[in-house]
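Enquirer: Next comes the sequence, and after it the predicted model I'd like to discuss.
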Amino acid sequence: MKHYKQYINGQFVDSKATSVIEILNPCTEEVLSTITTGTVEDANNALEAAQAAQPAWEALPAIQRAAFLHKMADVIRENRVFLAETLSKEQAKVIGLAQVEIDVTADYFDYNAGWARRIEGEIIQSDREKEHIYLHKVPIGVAVGICPWNFPFFVMARKVAASLITGNTCVIKPSSEAPNTIMEFADFIQKIELPAGVLNFVCGAGRTVGNALSKSPITGIISLTGSVSAGQKVISAAAENITKVSLELGGKAPAIVCADANLDLALNSIVSSKVIFSGQVCNCAERVYVEDSIYDEFVEKLSKKMSEVIIEDALTGTNADMSSLVSKSQLDKITEMVEFAKNEGAEVLVGGNRPEQFDKGYFYNPTVLTNCSQDSQIIQEEVFGPVLPVMKFNTLDEAIAMSNDTEFGLTSSIFSENFNNIMKATNGLHFGETYVNREHFEAIQGFHAGWKKSGVGGADGKHGMEEYLHTKVVYAKYY
Ligand SMILES: NC(=O)C1=CN([C@@H]2O[C@H](COP(=O)(O)OP(=O)(O)OC[C@H]3O[C@@H](n4cnc5c(N)ncnc54)[C@H](OP(=O)(O)O)[C@@H]3O)[C@@H](O)[C@H]2O)C=CC1
Ligand SMILES: O=C(O)[C@@H](O)[C@@H]1OC[C@H](O)[C@H]1O
């Protein structure tokens, strides 16, 4: 069985930690690999390697840094099937979706390489004679990327591509649930002759390795994708050195369906937003508000669609819409939340249990709940699974108010054929993203950013790239 070592300063090295973490195939519970639990020393070694590599990397013209990003895209494409299978096995991602994640990741490196000639400053008029005010964009230094398990490969690229193109070096900590695909990528990096120390990968537990990376004075920026609680811990650790943070945390996305919506479009979009990776995506629709006059029809059609979802092994299933959840703890959490909702009076129309055909794995049926109250746990807390509670509304103002009644602010959506409804909702919804008449999923040239407890800062596009830059202003007086 494969054991992944730490990748520090251009080499695979052993950790001094004595224990290992087993990585399971969630569909079969078979052990696929092991990683180290990691140590504070591993984290510091990686940071020191990145710090040592920083001046030369920053001095390299951006177009030469871009060439390395293109090489990363190339090695991903050359190994696309192997990487997709590795990803599918380690986290029960349906193979078609795993392939999409790998291919989009290659595109992401190419896309970010395109910033090389477009990282721009400004010249501002001075109030003084013979003076120019120059606003430069300069690298921050060492960037730390802490990755989640749900889209581990793509999210790794979000952090690596944006930091490297802007002249920062980088240390990545994969999630201990799904590190394999990232560590296989580290192996490919060795072959593209990236200068040692520019990109490092340290595995291990968030509470030790992640914490050490977050509180080190070497770290210039920490970008974490994960839970609110991990984000809060990173903020506390970063407080020690007032280190910049960019956090993409949980969500509780509302989908509003008006009576004038194209119902088939709304149903297809919401179901696909919920079934994709078994609902374990921060931007998935997590609750649906449906206008009173179409509520019964909507709920009936939604229940039918959710009951027709095909659940199979992620890698070998030939018709799978979704597969196992990522872990037993994820299964336990979702089971408990649905049971709690039932005790609070929710009615289960579909699902609410495990599929019978599997002896192993962490499978859970697509579930539709009604009769939930706005202040219940199932409407307020992130489920991160294939569970959809549906509620009724009478006016759009009421739907917008219920949508905004949450501590999260990542994504939201509205389904309507009426321009005025759409404008009212896009203005009124307090979320970083609003999708109109389509599923919840962002584009690499957009800006993926949560409001409220969903995060600070953001990723993707020009604004995501600029997260990794300091602004330096020079007042240049001449005679
Ligand atoms: N917004 C999103 O994209 C995601 C949201 N979630 C939400 O979070 C819930 C729990 O999932 P979970 O896997 O536990 O997510 P976590 O937030 O715990 O994990 C995300 C990453 O943060 C690391 N981490 C954890 N604690 C710390 C810390 N103190 N300092 C630094 N890094 C840390 C983890 O390391 P490690 O796990 O290796 O210990 C992992 O690499 C899910 O049910 C879901 O609701 C989860 C994943 C993604
Ligand atoms: O769930 C998330 O926050 C991210 O991990 C996710 O990864 C791919 C999606 O596009 C992102 O939102």
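Expert: Right, received. Where do you want to start? Source: prediction; values computed, not measured. Numbers count the residues shown, from 1 in each chain. Ligands and ions are numbered 1, 2, ... in the order given.

Enquirer: all strands in the stretch 101-250 of the chain, in order from the N-terminus.
Expert: According to DSSP state E, counting those that start in this stretch, the stretch 101-250 of the chain carries its strands in the segments 122-125, 131-139, 142-146, 169-173, 199-201, 219-225, 244-248.

Enquirer: Could you export those as CSV, including distance to residue 163 and mean neighbour count?
Expert: Bear in mind the C-beta positions are built from the backbone N, C-alpha and C, glycine included. Formatted as CSV, these follow (distance: least, Cβ to Cβ, whole Å; neighbours: other Cβ atoms under 10 Å):
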stretch, distance to residue 163, mean neighbour count
strand 122-125, 22, 10
strand 131-139, 8, 15
strand 142-146, 4, 28
strand 169-173, 4, 30
strand 199-201, 9, 28
strand 219-225, 8, 27
strand 244-248, 10, 22
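
Enquirer: got JSON lines for these, with mean pLDDT too?
Expert: Output for the strands of the stretch 101-250 of the chain, formatted as JSON lines (pLDDT from 0 to 100):
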{"stretch": "strand 122-125", "mean pLDDT": "96"}
{"stretch": "strand 131-139", "mean pLDDT": "97"}
{"stretch": "strand 142-146", "mean pLDDT": "98"}
{"stretch": "strand 169-173", "mean pLDDT": "98"}
{"stretch": "strand 199-201", "mean pLDDT": "98"}
{"stretch": "strand 219-225", "mean pLDDT": "98"}
{"stretch": "strand 244-248", "mean pLDDT": "98"}
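
Enquirer: okay, these in a markdown table with distance to residue 319 next?
Expert: Converted to a markdown table, the strands of the stretch 101-250 of the chain look like this (distance: least, Cβ to Cβ, whole Å):
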| stretch | distance to residue 319 |
| --- | --- |
| strand 122-125 | 54 |
| strand 131-139 | 47 |
| strand 142-146 | 35 |
| strand 169-173 | 35 |
| strand 199-201 | 35 |
| strand 219-225 | 30 |
| strand 244-248 | 32 |
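
Enquirer: Now the ones you listed in a markdown table, please, with extra columns for distance to ligand 1.
Expert: Compiled in a markdown table, the strands of the stretch 101-250 of the chain are given as follows (distance: least, Cβ to the nearest ligand atom, whole Å):
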| stretch | distance to ligand 1 |
| --- | --- |
| strand 122-125 | 33 |
| strand 131-139 | 23 |
| strand 142-146 | 5 |
| strand 169-173 | 6 |
| strand 199-201 | 12 |
| strand 219-225 | 5 |
| strand 244-248 | 6 |
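
Enquirer: Nearest to residue 81, out of those?
Expert: strand 199-201 (22.0 Å; Cβ to Cβ).

Enquirer: What lies in contact with that closest one?
Expert: The set of residues external to strand 199-201 that reach it, using Cβ atoms under 8 Å, 6 or more residues apart in numbering, is 6-9, 46, 49-50, 160, 164, 169-174, 182-183, 186, 189.

Enquirer: Go again with 6 Å.
Expert: Strand 199-201 is touched from outside by 7, 8, 46, 49, 50, 170, 171, 172, 186, with contacts defined as Cβ atoms under 6 Å, 6 or more residues apart in numbering.

Enquirer: Could you point out which of those is nearest to residue 85?
Expert: Sorting the contacts of strand 199-201 by distance to residue 85 puts residue 186 at the head of the list, at 17.4 Å, by Cβ to Cβ.

Enquirer: Just to be sure, residue 281 is in a strand?
Expert: No - secondary structure of residue 281, determined by DSSP: H, G, I helix; E, B strand; the rest coil: coil, with no strand assignment.

Enquirer: what about it, distance to residue 29?
Expert: Between residue 281 and residue 29 the computed distance is 23 Å (Cβ to Cβ, to the nearest Å).

Enquirer: coming back round to it: could you point out which of the strands of the stretch 101-250 of the chain sits nearest residue 82?
Expert: Proximity to residue 82 (Cβ to Cβ) singles out strand 199-201 among the strands of the stretch 101-250 of the chain, at 17.8 Å.

Enquirer: Please name whichever of the strands of the stretch 101-250 of the chain is nearest to residue 232.
Expert: Closest approach to residue 232 among the strands of the stretch 101-250 of the chain (Cβ to Cβ): strand 244-248, 9.1 Å.

Enquirer: Which elements pack onto the closest one?
Expert: In this structure, strand 244-248 makes packing contacts with strand 219-225, helix 228-239, strand 455-456, judged by 3 or more Cβ pairs under 6 Å, 6 or more residues apart in numbering; DSSP states H and E.
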